[in-house]
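> Show me how the following folds:
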Amino acid sequence: MTDKEKCVKGGCGEDCDCGSDEEFEVMTLEFDDGKEVECEVMGIFDVDGKEYIALYAMDGSDEVYLYGYKELDDDENDCELIDIEDDDEYERVCAVFEEITECEEEEE
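Sure, this is the predicted structure:
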């Protein structure tokens, strides 16, 4: 993960200096059908020189959404989420995300 990594649900890695009491950043996703889902930001990570974001649905479904990520105007609170439309790219992003979360589970 990059230096922009957010705290990961379930516990931070040993290099994290946020403290365990910090609240997670929350984003609301709105889908084409008008449905809205509040999500915790699990982390921002790099794959092949591009940044991606993992969002954990807080609606009880345990869904994780992966999007391309781009900060706008050098403001961390202003970003663009980009749909991953290429199947090969999505598979690479999923593989890296799974590798990251497996490593974090082993550390716990």
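
> For the rest of this, base every contact and every neighbour count on C-alpha atoms.
Noted.

> If I look at the residue of the chain positioned farthest from its centre, what pLDDT would I see?
Farthest-out residue of the chain from its mean C-alpha position, per CA atoms, centre = their mean: Asp33, at 22.5 Å. We have a pLDDT of 94 for Asp33.

> now swap in the one 5 residues further on and tell me
pLDDT, Glu38: 94.

> And for the one 3 residues further on?
At Val41, the model reports a pLDDT of 93.

> where along the protein do the strands fall?
Here the chain has its strands, by DSSP state E, at 26-30, 36-47, 50-57, 64-72, 75-82.

> nearest to Thr101, of these?
strand 36-47 (9.9 Å; CA to CA).

> elements contacting that closest one?
For strand 36-47, the contact count by 3 or more CA pairs under 8 Å, 6 or more residues apart in numbering; DSSP states H and E identifies strand 26-30, strand 50-57, helix 87-107 as packing neighbours.

> Just checking: what are the partner strands of that strand?
As defined by DSSP bridges, the strand partners of strand 36-47 come to strand 26-30 (antiparallel), strand 50-57 (antiparallel).
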